[in-house]
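Undergrad: let me see the structure of the following:
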Amino acid sequence: MKGRALVLGGGGVTGIAWELGILAGLAEAGVDLSTADLLVGTSAGSVVASVMASEPSLEERYQTQLEDPKDEVAAHLGMRTLLGYGWAMVRSRAPEQYRARLGALALAAASMTPEERKAVIASRLPVVEWPAQPLKITASDAHTGAFTVFDRDSGVELIDAVAASCAVPGVWPPAAVNGHRYIDGGMRSATNADLAQGHERVVIIAPVTVGGGLVTSTARHVAELTAAGAQVTVISPDRDSRTAIGRNMLDPAHRAASARAGRTQAAQVVTQVAAVWC
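TA: Predicted coordinates for the structure are as follows:
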């Protein structure tokens, strides 16, 4: 086993803000997670992982979360979409089958073009090139449900990988990448923390950690990592952060409050994180 891995999970536009708040607060307290030997990003976490590996400082990226979210588009997971998720779950016997059904739902319900959605993703990223630092970004094929991991050697542009990972089925269109269509990596797991296997120290920062049915929980990943000998800690929103994030993680109106709450929470978890990281 070798090195340290930082896993950043999914959680919508408010999840991006909260994660950046946590990371900026930890860095201010002397625990800089940007030194990770591996970054794993899923959905919102794919944005934050890409930011972590870029030139601008965490403090600068945190400050952007406090600005007017004019480039973001408000959305929500409606009841019809949630019922579609449930129906896909009960009709499926395997995880890939479930994700393929979600892909079909996404292809039928796209509210904007992939190009329009890509422009929103571009507004979140300070860079367009893959970093030298190892970075894994997760998605699923919208047609087959196959789990896909993008990195700098995958032949996919960074912005396309992030757009794929953030393509929430039934809310945003499946991303178009090299002739394929992809949906949110969080449809396999909110964190996909198993990709950190082989690292001796793992920090997981995730707005959402639960799973169920054909979606793997973070707790299961943690158990597997721990059984393999890794030291692991998980940071998820505390009560005040959950209040700031609100019930709709896709609402940019809660972005600034989520960022501030994450930064405040960082002071409460710095010892916990440092025990694993330092």
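Undergrad: any stretches of the stretch 101-250 of the chain with poor pLDDT?
TA: 110 (pLDDT under 70).
Undergrad: now the strands: where do they sit in it?
TA: Assigned by DSSP state E, counting those that start in this stretch, the strands in the stretch 101-250 of the chain fall at 135-141, 147-150, 175-177, 180-184, 201-205, 231-235.
Undergrad: and of these, who's closest to residue 4?
TA: strand 201-205 (4.4 Å; C-beta to C-beta). Bear in mind the C-beta positions are built from the backbone N, C-alpha and C, glycine included.
Undergrad: just the angle between that closest one and strand 231-235, please?
TA: Between the axis of strand 201-205 and that of strand 231-235 there is an angle of 10 degrees, by axes from the mean of the first three to the mean of the last three C-alpha atoms, to 10 degrees.
Undergrad: number the chain from 41, please
TA: Understood, numbering begins at 41; the last thing we discussed is strand 241-245.
Undergrad: pairing partners for strand 241-245, with directions?
TA: strand 44-48 (parallel), strand 271-275 (parallel) (DSSP bridges).
Undergrad: how far off strand 241-245 does the helix or strand following the first one point, in degrees?
TA: Okay, so that is strand 44-48. Counting by DSSP states H and E, the element after strand 44-48 in chain order, helix or strand, is helix 52-68. Orientation of helix 52-68 against strand 241-245 (the same axes, to 10 degrees) gives an angle of 130 degrees.
Undergrad: where does the residue positioned nearest the centre of the chain fall, secondary structure wise?
TA: With distances taken as C-alpha atoms, centre = their mean, the residue of the chain nearest its centroid is residue 85 (2.6 Å). Here residue 85, judged by DSSP H and E, is contained in helix 84-92.
Undergrad: who are the packing partners of that helix?
TA: Applying 3 or more C-beta pairs under 8 Å, 6 or more residues apart in numbering; DSSP states H and E, one finds that helix 84-92 makes contact with strand 44-48, helix 52-68, strand 78-82, helix 98-104, helix 154-164, strand 175-181, helix 198-205.
Undergrad: could I get the contacting residues of residue 264?
TA: 234, 237 (C-beta atoms under 8 Å, 6 or more residues apart in numbering).
Undergrad: any idea how far it is from residue 79?
TA: Note on residue 264: its distance to residue 79, by C-beta to C-beta, to the nearest Å, is 19 Å.
Undergrad: and for residue 116, the neighbour number?
TA: 13 (other C-beta atoms under 10 Å).
Undergrad: that one contacts residue 292, correct?
TA: No. The criterion here is C-beta atoms under 8 Å, and residue 116 misses it with residue 292 at 11.4 Å.
Undergrad: which residues are in contact with the longest helix seen in the chain?
TA: Ranked by residue count, the top helix of the chain under DSSP state H comes out as helix 295-317. Residues outside helix 295-317 that contact it (C-beta under 8 Å, 6+ apart) are 44, 53-66, 68-71, 73, 102, 105-107, 109, 112, 241-243, 271-273, 275, 277-278, 280-281, 283-285.
Undergrad: give me the buried entries from those.
TA: 44, 53-66, 68, 71, 73, 102, 105, 109, 112, 241-243, 271-273, 275, 277, 281, 284-285 (16 or more other C-beta atoms under 10 Å).
Undergrad: quick one: residue 258 and residue 247 touch, right?
TA: No. Counting by C-beta under 8 Å, residue 258 does not reach residue 247; the two are 10.9 Å apart.
Undergrad: spit out the residues that contact the two alike.
TA: Common neighbours of residue 258 and residue 247 (C-beta under 8 Å, 6+ apart) are residue 49.
Undergrad: so which of the two has more stuff around it?
TA: residue 247 (30 against 24).
Undergrad: tell me who's in contact with that one.
TA: Applying C-beta under 8 Å, 6+ apart, the residues near residue 247 are 49-52, 54-55, 58-59, 84, 276-277, 285, 289.
Undergrad: just residue 77 next, same as before
TA: 42, 43, 44, 45, 174, 239.
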